[in-house]
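> please work out how this folds:
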Amino acid sequence: MYEDGHSLGFLDHFPLNPGHTLVVPKKHYESMREMPPSAVGELFVSVAKVMRGVFKASKADGINIGQSNGAAASQDVFHVHVHIIPRYNHDSPGGLTFPQRKNSTLADRERMGALVKRAVQEENG
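Predicted coordinates for the structure are as follows:
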């Protein structure tokens, strides 16, 4: 769905909402603590670009951006990844909790992936 010189973006297989996307650096870092500040900056430039596309494609009311470092912070995949999660006024009363994860089929991800990819291109020139 998204790729540049240093990062990849792809849809989560068990999204909190349709369009839930992960952005990861191509170079392996277990956590952000290991990344040089310049690599963190490059990653978050990509996150900002993808976030604009996810927001447009999903017609979200808001977006959560999440990143965890270490098991104590609920990291369960030990390669740096940033979650971009579309949010809707109705998905969590008061926005205090996250919605349940959903099953997504390959067809669901292909359809949403095409929408997000097109929107990323439109939003970022």
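
> can you tell me how far Ile84 sits from Ala72?
23 Å (CB to CB, to the nearest Å). Any C-beta I mention is one placed from the backbone N, CA and C, and that applies to glycine too.

> and for Lys59?
According to CB to CB, Lys59 and Ala72 sit 35 Å apart.

> more neighbours, these two?
Lys59 (11 against 7; other CB atoms under 10 Å).

> distance of the more buried one relative to Ser74?
28 Å.

> neighbouring contacts of the helix or strand of the chain with the lowest mean pLDDT?
None of the helices or strands of the chain scores lower by mean pLDDT, DSSP states H and E than helix 106-124, at a mean of 93. With CB atoms under 8 Å, 6 or more residues apart in numbering as the test, helix 106-124 has contacts from 1-2, 9-11, 13, 18-19, 21, 49-50, 52-54, 56-58, 104.

> please pick the buried ones from the residues you listed.
Buried residues within the contacts of helix 106-124, defined by neighbour count using 16 or more other CB atoms under 10 Å: 1-2, 9-11, 18-19, 21, 49-50, 52-54, 56-58, 104.

> restricted to strands, list those.
Judged by DSSP state E, the buried ones among the contacts of helix 106-124 include Tyr2, Gly9, Phe10, Leu11, Thr21 as members of strands.
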